[in-house]
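Chemist: 3D, please:
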Amino acid sequence: MAKVTVVRYQRRKKLGDLNSPIVTSLRQKSGDSKTYDIQRLSSEIEGIGSLSAEDVEHVIKSIVRSMRSVLCDGNRVKLDGFGTFYITLGCSPTEKKEDCTIRNIERVNIRFKVDNALRLVNDSIATTKSAPNNIIFDLESPKTTANTPGGDSGDGGNSGDTGDGKDDDPLG
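Modeler: Numbers count the residues shown, from 1 in each chain. Next up is the predicted model:
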């Protein structure tokens, strides 16, 4: 089962509004997530299956090429147990019907809708404990020093550090 470390942070309820009240929320601890490229995924799949990393890499690249072609044809791509990919357009509206042309399309987005079989669940509120899609969240404890009550946190003073060089409290 996956375990994700989260930290508390403070921000304004309405971003950019200095009169908005301060709220506390959670986010994933910076530096904990990694980006997997095709080679790294291929190596992971090779370790759990009977295909070589090169074969897996070739299949993934073929899927990407095929998906690009299918999406450009205006179709959707559904990967069972994963989700559905589809295209949306960003278009400037016009008042006259005749003025609305393909030149009004400003951007093309590839969207993803997760499959119900893949939906992840917070294990602490899940009805079925230890299900494959449950994630355990670990709330990192705040920073403490030897001079403050509670003493040393025992982790070298890194507890609560987001790893991005910024203080967790952006307001003070």
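
Chemist: For Ile135, list each beta-bridge partner.
Modeler: With DSSP bridges as the criterion, Ile135 is bridged to Ala2, Asn122.

Chemist: Report how many residues lie close to it.
Modeler: Per other CB atoms under 10 Å, the neighbour tally for Ile135 reads 14. Using the backbone N, CA and C atoms, a C-beta is placed for each residue, glycine as well.

Chemist: Glu140 too?
Modeler: Using other CB under 10 Å, Glu140 has 20 neighbouring residues.

Chemist: mind checking the backbone torsions on it?
Modeler: Backbone geometry at Glu140, expressed as degrees, to the nearest 10, gives phi -70, psi 140.

Chemist: again, but for Gln39
Modeler: Torsion angles, degrees, to the nearest 10, at Gln39: phi -60, psi -40.

Chemist: Dump the C-alpha coordinates for the longest helix along the chain into PDB.
Modeler: Determined from DSSP state H, the single longest helix within the chain is helix 53-72. As requested, the backbone C-alpha atoms of helix 53-72 are provided in PDB (Å, rounded to 0.1, in the frame of the first residue of the first chain):
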ATOM      1  CA  ALA A  53      12.700  -3.500 -20.500                       C
ATOM      2  CA  GLU A  54      13.300  -2.900 -24.200                       C
ATOM      3  CA  ASP A  55      10.100  -4.700 -25.200                       C
ATOM      4  CA  VAL A  56       8.100  -2.700 -22.600                       C
ATOM      5  CA  GLU A  57       9.700   0.500 -23.800                       C
ATOM      6  CA  HIS A  58       8.800  -0.300 -27.400                       C
ATOM      7  CA  VAL A  59       5.200  -1.000 -26.400                       C
ATOM      8  CA  ILE A  60       4.800   2.200 -24.400                       C
ATOM      9  CA  LYS A  61       6.200   4.300 -27.300                       C
ATOM     10  CA  SER A  62       3.800   2.500 -29.700                       C
ATOM     11  CA  ILE A  63       0.900   3.300 -27.300                       C
ATOM     12  CA  VAL A  64       1.800   7.000 -27.200                       C
ATOM     13  CA  ARG A  65       2.100   7.200 -31.100                       C
ATOM     14  CA  SER A  66      -1.300   5.400 -31.500                       C
ATOM     15  CA  MET A  67      -3.000   7.500 -28.800                       C
ATOM     16  CA  ARG A  68      -1.800  10.700 -30.500                       C
ATOM     17  CA  SER A  69      -3.200   9.500 -33.800                       C
ATOM     18  CA  VAL A  70      -6.500   8.500 -32.300                       C
ATOM     19  CA  LEU A  71      -6.900  11.700 -30.300                       C
ATOM     20  CA  CYS A  72      -6.100  13.800 -33.400                       C
END
